[in-house]
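> Next come a sequence and a model predicted from it.
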Amino acid sequence: MKFKFSKKQMTWGMTAFLVIAAGILFYFLVFEFRNIIKSIQGIMDSIAPVLYGVVIAYILSPVLNFIEHYLLKPIFNRFGASTSLPFLTAEKKFKTMRTIAVTLSIATWIGLLSVVIFFLIPQLITSVMEISRNIPRYINNVNHYINTYLASQPKTQK
């Protein structure tokens, strides 16, 4: 004879299981929080290069498609790559076009990144120098504001 649990027994069993699981989870969150954070950080450090690659591929996909469809396909068709070279099958032509498009996309990405860095670094240096020159004035302004505020508050006079 097979024993069947009633709905009430299943409810109590699930409740007890969830309470015990929540207690164990709470214990580990309270007493082993640093280890959990270290583990999560280690996993994220391992996954980070893959995520960067996915983001860069997602960003470069429209550039790749543009280069492939609007630049390389007309060039391949204009110079007879589709008819005059019998050793280039459709798959080989696609692979060749894709390789050239990927190379041009990466070159475009590196070029744009270089231009941004070329213009950003001098501006960043100028901003940091300006902030470092103005820090004493900022400190004096904050000090003056605090003194004025405290002088205007009668409760702080006592």
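Now that the structure is in, tell me what you want to look at.
> going forward, measure contacts between C-alpha atoms and count neighbours the same way
Will do.
> Against which helices or strands is the longest helix along the chain packed?
In the chain, with assignment by DSSP state H, the single longest helix is helix 90-152. Counting contacts by 3 or more CA pairs under 8 Å, 6 or more residues apart in numbering; DSSP states H and E, helix 90-152 packs against helix 33-66.
> what distance separates the helix it packs on from the middle of the whole chain?
Centre-to-centre, helix 33-66 and its host chain are 6 Å apart (CA atoms, centre = their mean, to the nearest Å).
> tell me the angle of it relative to helix 90-152?
Counting by axes from the mean of the first three to the mean of the last three CA atoms, to 10 degrees, helix 33-66 lies at 130 degrees to helix 90-152.
> Skip ahead from helix 33-66 and say which helix or strand is next.
The helix or strand immediately downstream of helix 33-66 is helix 73-78, counting by DSSP states H and E.
> now that following helix: how far from the chain's centre is it?
Offset of helix 73-78 from its chain centre (CA atoms, centre = their mean): 37 Å.
> what's the spacing between residue 41 and residue 34?
Counting by CA to CA, to the nearest Å, the gap from residue 41 to residue 34 is 10 Å.
> Could you check how far residue 65 is from residue 74?
The gap separating residue 65 from residue 74 is 13 Å, by CA to CA.
> Name the residue in those two with the higher neighbour count.
Per other CA atoms under 10 Å, whichever of residue 65 and residue 74 has more neighbours is residue 65, with 16 against 12.
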